[in-house]
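# predicted coordinates and the sequence they were generated for:
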Amino acid sequence: MPKVPRTPSPSKSPSKPPSTPKKKRSYAWKSPITERNVGGGELAVANGPFIKRTKAVEKYKIKATDLDTIKPISRQQNHMGGSSLIQTYNECDVAALAQRLRPGKPLPELSPMANPVVLAKKNGPRIMKTTAITKFKLRKAEIEQLTPISMTPNAYGSLTTYYNRCDVENLKSRLEQLRGASSSRLIDFDGLDRGDAAALLAEARSG
């Protein structure tokens, strides 16, 4: 009897349709400065250490509605998923408000350096502190000799600090001159201000 050719059996697992490539999730850093004033409204100029709204109510024993009489320095979305905005104030403004509401009553101890900070006048292009440190190869202690033009709370609980770029360039040039002078190991501190002398001594020790 002639053999009947076998019909190939269908594959057990049906072929899968071509998969749609997944969209890559973007992890690009979003500047907190763009979120600084969610909802609009006038803001105060950042002036020294800052304090969140809930902390201000707790620390200074005032009502949340009392804080509506002063301007915040930022209004940001609640990154924990809450519907209310996170509002941040100059602590010196909150302390002054508490003093007006409860004259003669003792105030809690202020945060370190909770006094107004003197800012430099804007002069041409600005540069962020972290960018300046990286681009000009500066130490944190070196750049902090300069007076910033702005110090703004960001969404990560720290301050975003900007300087005049020309001030940073002048600082870099001055430090390079000091480093050249210290290469001979004969250090002359005459005529140097305290910041330059400290930078020169630190450079000599690290060399």
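The structure has been received and is ready for your questions.
# in which helix or strand does the nearest residue to residue 139 once chain neighbours are set aside reside?
Using CB to CB, 6 or more residues apart in numbering and skipping residues adjacent in sequence, the residue nearest residue 139 is residue 133, 7.5 Å away. C-beta coordinates here come from the backbone N, C-alpha and C atoms, glycine included. Using DSSP states H and E, residue 133 sits within helix 129-135.
# can you list the buried residues in that helix?
For helix 129-135, the neighbour count (16 or more other CB atoms under 10 Å) marks 129, 132, 133 as buried.
# show me what the following helix or strand past that helix packs onto, helices and strands only.
The first helix or strand that comes after helix 129-135 along the chain, using DSSP H and E, is helix 140-143. For helix 140-143, the packing partners by 3 or more CB pairs under 8 Å, 6 or more residues apart in numbering; DSSP states H and E come out as helix 129-135, helix 165-182, helix 194-206.
# backbone phi and psi for residue 56, please?
Dihedral pair for residue 56: phi -60, psi -40, per degrees, to the nearest 10.
# can you list the domains in the chain?
Structural domains assigned to the chain are 33-117, 118-207, following automatic domain parsing.
# what mean pLDDT does the shortest one have?
Per-residue pLDDT over domain 33-117 has a mean of 81.
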